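S.K.: sharing a model that was predicted from the sequence below.
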Amino acid sequence: MSGNAQKKLYIKTWGCQMNVYDSRRMADILAPLGYRESDSPEDADMVILNTCHIREKATDKVFSDLGRLNKHKQKKEKRGEKMLIAVAGCVAQAEGDVIMERAQYVDMVFGPQTYHELPEMIIRATGERVVNTDFAVESKFDSLPQEHVPQGVTAFLSIQEGCDKFCTFCVVPYTRGAEYSRPVQQIIDEARRLRDSGAKEITLLGQNVNAYHGMAPNGRTMGLAELIAAVAEVEGVERIRYMTSHPRDMDQDLIDAHGNIPKLMPFLHLPVQHGADEILKQMNRKHTADDYRDIILRLKKIRPDINLSSDFIVGFPGETDRHFEELMQLVRDIGFGTSYSFKYSPRPGTPAANMQNIVPEKIKDDRLQTLQNLLFSQHREINETFVGKAVEVLTDGKGNRPSQLHGRTSHNQAIHVTCDPALLGQIVTAKVTSASATALTGEII
């Protein structure tokens, strides 16, 4: 296979920021083989569906997309051309054999821990169908090339992968494997390369990012708080965020970092999932609602203006009206600036999929609507407290009008700022003029 011949690569990504990161790295790996990213699958030489197993009917959506891709593949074959179709990510890991059986035209299925082996898999796929859902002995991070795909002024940097928590509703431990933390020096080197390619804000990523425990150059194990301090030393990196966290790993050092490290932004995404202790126990979360309240109290003591985000699941098996009211009370007690809320749906292979006392869909729908109404009102109220205030904005794109730029505040709110378009990619100070539940509007000071 020549590394010079230009080939078209189309990658479609579902799910978390880790999947977005993985897709970028797959493009990096395939670049030396002559693959260049294309905006359309129709004429691509290779199509990768990078899948997510978290949302409902994830597998159905994959097969729906595969059916459309097969039509493009057949057209290319009639012209004597080839199209490789690959399914990657968490659905591939969990249901690789099912995909290969139901969609005979799929050439490759591979899990999240194997994409550093893509060049070898492509060579094999010229003569056979490839399934690779092993958990590799060596870390995929050790085998990746340096980044070729620029991410812009905001960038994601994967520092930790996998999860050992085994929440009963979640497939991540089965699809991403055990917790693994990248060595500190690898992360600092990548942060510098991202800075050199224009990144001013870096978000440190992990399925359970605050469980990070990576090896420092001196042989000592470093936690997330220390790692953030080390990344903050990289000149030119102006902002640092991290996601996604688990309450059990929210230690005091990390809480203190929110007060001690100016580059660490006043925003935290900390999924609680529920507010009733009985349901949290059924979920195997290993924390109580009051444990979560205590973390937030300690955080607000250190950083009173911190903007909070969380995940919520309604309709988990066994959830009663009383349990749901306890969830609502937790939300009322804390107040969230952004949130993600879902109806529970079973994931094959997880303990919760076999639980009894299923909540009827109509009740799930009603509870989700009630919760979202409360959350949206909180989002609006919190955003409205910023009206008239000056905020620091990192501009990252064009706004709705020619004289506007889109950006993010320190508190991670989306904002449209009236200013000179030449300020794209800069940190500017803006006065907030109006607010909705989802975004702010402002003008440059």
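M.R.: Nice, thanks for sending it over.

S.K.: does Asp164 touch Arg176 like I think?
M.R.: No. With contact defined as Cβ atoms under 8 Å, Asp164 does not count as touching Arg176 (10.6 Å). Quick note: C-beta positions are derived from backbone N, CA and C, even for glycine.

S.K.: so between these two, which is more surrounded?
M.R.: For Asp164 versus Arg176, neighbours defined as other Cβ atoms under 10 Å are more numerous around Arg176 (24 against 12).

S.K.: thought Cys170 was touching that one, still the case?
M.R.: No. Using Cβ under 8 Å as the test, Arg176 is too far from Cys170 to be in contact (10.1 Å).

S.K.: tally up the residues packed near the closest residue in space to Pro183 that isn't next to it in sequence, please.
M.R.: Distances taken as Cβ to Cβ, 6 or more residues apart in numbering place Met215 nearest to Pro183, at 4.8 Å, with adjacent residues excluded. Each residue near Met215 was counted by other Cβ under 10 Å, and the total is 15.

S.K.: tell me the phi and psi of Met215?
M.R.: phi -80, psi 130 (degrees, to the nearest 10).

S.K.: do the same with Phe336
M.R.: When read as degrees, to the nearest 10, the backbone of Phe336 gives phi -120, psi 130.

S.K.: returning to what we had before: who's the residue nearest to Pro183 bridged to?
M.R.: Using DSSP bridges, the beta-bridge partners of Met215 come out as Thr221.

S.K.: for the residue nearest to Ala92 when sequence neighbours are not counted, what are its contacts?
M.R.: Leaving aside its sequence neighbours, Ala92 sits nearest to Val109 (Cβ to Cβ, 6+ apart; 4.8 Å). Counting by Cβ atoms under 8 Å, 6 or more residues apart in numbering, Val109 makes contact with Ala86, Val87, Ala88, Ala92, Gly96, Ile99, Met100, Val130, Val131, Asn132, Thr133.

S.K.: switch to 6 Å and redo it
M.R.: Going by Cβ atoms under 6 Å, 6 or more residues apart in numbering, Val109 touches Val87, Ala92, Gly96, Ile99, Met100, Val131.

S.K.: again, but for Gly388
M.R.: Contacts for Gly388 (Cβ under 6 Å, 6+ apart) come out as none.

S.K.: confirm it sits in a strand?
M.R.: No. Counting by DSSP: H, G, I helix; E, B strand; the rest coil, one finds Gly388 to be coil, located in no strand.

S.K.: before we move on, the earlier item: hmm, which of the contacts of Val109 are the buried ones?
M.R.: Among those, the ones that count as buried by 16 or more other Cβ atoms under 10 Å are Val87, Ala92, Gly96, Ile99, Met100, Val131.

S.K.: distance of the nearest residue to Ile444 once chain neighbours are set aside from Glu384?
M.R.: Distances taken as Cβ to Cβ, 6+ apart put Cys419 closest to Ile444, at 3.8 Å, once the chain neighbours are dropped. According to Cβ to Cβ, to the nearest Å, Cys419 stands 22 Å off from Glu384.

S.K.: more crowded one of the two?
M.R.: Neighbour totals were compared for Cys419 and Glu384, and Cys419 leads with 22 against 15 (other Cβ under 10 Å).

S.K.: so what's the residue nearest to Ala92 bridging to?
M.R.: Bridge pairing for Val109 - DSSP bridges - gives Val87, Val131.

S.K.: tell me the SS of the closest residue to Gln252 other than its chain neighbours?
M.R.: Spatially, and ignoring its direct neighbours in sequence, Gln252 is nearest to Arg298 (7.3 Å; Cβ to Cβ, 6+ apart). Secondary structure assignment for Arg298 (three-state DSSP): helix.

S.K.: neighbours of Ala229, how many?
M.R.: Neighbourhood size, Ala229 [other Cβ under 10 Å]: 17.

S.K.: off-centre distance for the helix or strand hosting it?
M.R.: Using DSSP states H and E, Ala229 maps to helix 224-232. Chain-centre distance of helix 224-232: 20 Å, with Cα atoms, centre = their mean, to the nearest Å.

S.K.: now swap in stretch 225-234 and tell me
M.R.: Offset of stretch 225-234 from its chain centre (Cα atoms, centre = their mean): 21 Å.

S.K.: give me the buried stretch members for that stretch, please.
M.R.: Buried residues in stretch 225-234 (16+ other Cβ under 10 Å): Ala225, Glu226, Leu227, Ile228, Ala229, Ala230, Val231, Ala232, Val234.

S.K.: repeat that for stretch 374-381.
M.R.: By 16+ other Cβ under 10 Å, the buried positions in stretch 374-381 come out as Leu374, Leu375, Gln378, His379.

S.K.: for that stretch, C-alpha coordinates in PDB please.
M.R.: The C-alpha trace of stretch 374-381 is given here as PDB (Å, rounded to 0.1, in the frame of the first residue of the first chain):
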ATOM      1  CA  LEU A 374     -36.600  22.500  37.000                       C
ATOM      2  CA  LEU A 375     -33.100  22.300  35.500                       C
ATOM      3  CA  PHE A 376     -33.800  24.700  32.600                       C
ATOM      4  CA  SER A 377     -35.200  27.200  35.100                       C
ATOM      5  CA  GLN A 378     -32.000  26.900  37.100                       C
ATOM      6  CA  HIS A 379     -29.900  27.300  33.900                       C
ATOM      7  CA  ARG A 380     -31.800  30.500  33.100                       C
ATOM      8  CA  GLU A 381     -31.600  31.900  36.600                       C
END
